[in-house]
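Structure here, sequence nowhere to be found:
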Ligand code: SF4
């Protein structure tokens, strides 16, 4: 599997180049983006993040001072804005109560303990926790998502029901735990899933066509 995974990485990297993820200026922006991107396209998140930036609210201190109504209005473009406002506020409460509003204090914990802590916060599931771990806390954990599942299924590498942790294990058990590799690999899969291996795939333009049973059907 290691060989297959590294080969796939090389193909995607050769096709798309470095993705420079996560597209954020600060770790806190990554955290907020990781919550807002749940069940929506990234383009919608960008609009919400732009609203928060325009209001100069993208720090834990400033965002904590915003009323629930105002927060909902600002993040409305990201969809499910009421639920997401509650999730952002739950994260902010946790940060204030446990870490004096300091992300560096939260991120000082080792990977597994930090993952458990993040998962204990309302609204933080595995994909969100791992995105925060990888892209904000810079801990080497692989983030998988619906794009990864779809690609691997179409390549014939997995079957059956989608389980986040089983798919994650494919990467964690086979690849060196290298922060840069994990960062770039996930971003490349997302790029491929958004650009080519879409819901209706563009197999004719796909760099993986020669090895893909779905594309060759
Ligand atoms: S050939 Fe088609 S189905 Fe296979 S990976 Fe490429 S776009 Fe996806």
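Arrived safely, thanks for sending. Small disclaimer: the values here were computed from a predicted structure and weren't measured.

for the chain, what spans make up the helices?
Per DSSP state H, the chain carries helices over the ranges 2-16, 27-36, 42-54, 60-64, 68-75, 81-99, 103-107, 111-119, 126-131, 146-154, 164-174, 179-195.

so what's the residue in the chain that the ligand sits nearest to closest to, chain neighbours aside?
With Cβ to the nearest ligand atom, the shortest gap between the chain and the ligand falls at residue 215, namely 2.5 Å. C-beta coordinates here come from the backbone N, C-alpha and C atoms, glycine included. Among residues not flanking residue 215 along the chain, residue 203 sits closest, at 3.8 Å (Cβ to Cβ, 6 or more residues apart in numbering).

tell me, what residue is most central in this protein?
What sits nearest the mean C-alpha location of the chain, by Cα atoms, centre = their mean, is residue 131, with 4.1 Å.

The ligand contacts on this protein?
151, 154, 196-197, 201-203, 206, 208-209, 212, 214-215 (Cβ under 6 Å from any ligand atom).

can you rerun that using 8 Å?
Residues of the chain found near the ligand (Cβ under 8 Å from any ligand atom) are 150-151, 154-155, 192, 196-198, 201-203, 205-209, 212-216.

right, so the helices of the chain: which one is the most enclosed?
helix 27-36 (a mean of 24; mean count of other Cβ atoms under 10 Å).

give me phi/psi at the residue of the chain closest to the ligand?
Main-chain torsions, residue 215, degrees, to the nearest 10: phi -70, psi -30.

Quick one: residues contacting it.
By Cβ atoms under 8 Å, 6 or more residues apart in numbering, residue 215 lies in contact with 154, 201, 203, 206, 208, 209.

In CSV, list the residues you listed along with distance to residue 46 and pLDDT.
What follows is the contacts of residue 215, written out as CSV (distance: Cβ to Cβ, whole Å; pLDDT from 0 to 100):
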residue, distance to residue 46, pLDDT
154, 28, 97
201, 25, 97
203, 28, 97
206, 26, 97
208, 28, 97
209, 31, 97
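
from these, which single one is nearest residue 144?
Nearest to residue 144 among the contacts of residue 215, counting by Cβ to Cβ, is residue 154 at 14.9 Å.

For the residue of the chain positioned farthest from its centre, report the pLDDT, please.
Relative to the mean C-alpha coordinate of the chain, counting by Cα atoms, centre = their mean, the farthest residue is residue 217 (31.0 Å). According to the prediction, residue 217 has pLDDT 87.

Give me the number of neighbouring residues for residue 40.
16 (other Cβ atoms under 10 Å).

same question, residue 125
13.

the domain parsing of the protein - what is it?
Structural domains assigned to the chain are 2-19+142-211, 27-136, following automatic domain parsing.

Just the terminal-to-terminal distance for the shortest one.
Spelled out, it's domain 2-19+142-211. 16 Å (Cα to Cα, to the nearest Å).

any chance of the helices of the chain in TSV, with distance to residue 140 too?
Shown next, in TSV, are the helices of the chain (distance: least, Cβ to Cβ, whole Å):
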stretch	distance to residue 140
helix 2-16	15
helix 27-36	16
helix 42-54	23
helix 60-64	25
helix 68-75	30
helix 81-99	22
helix 103-107	13
helix 111-119	7
helix 126-131	11
helix 146-154	17
helix 164-174	9
helix 179-195	5
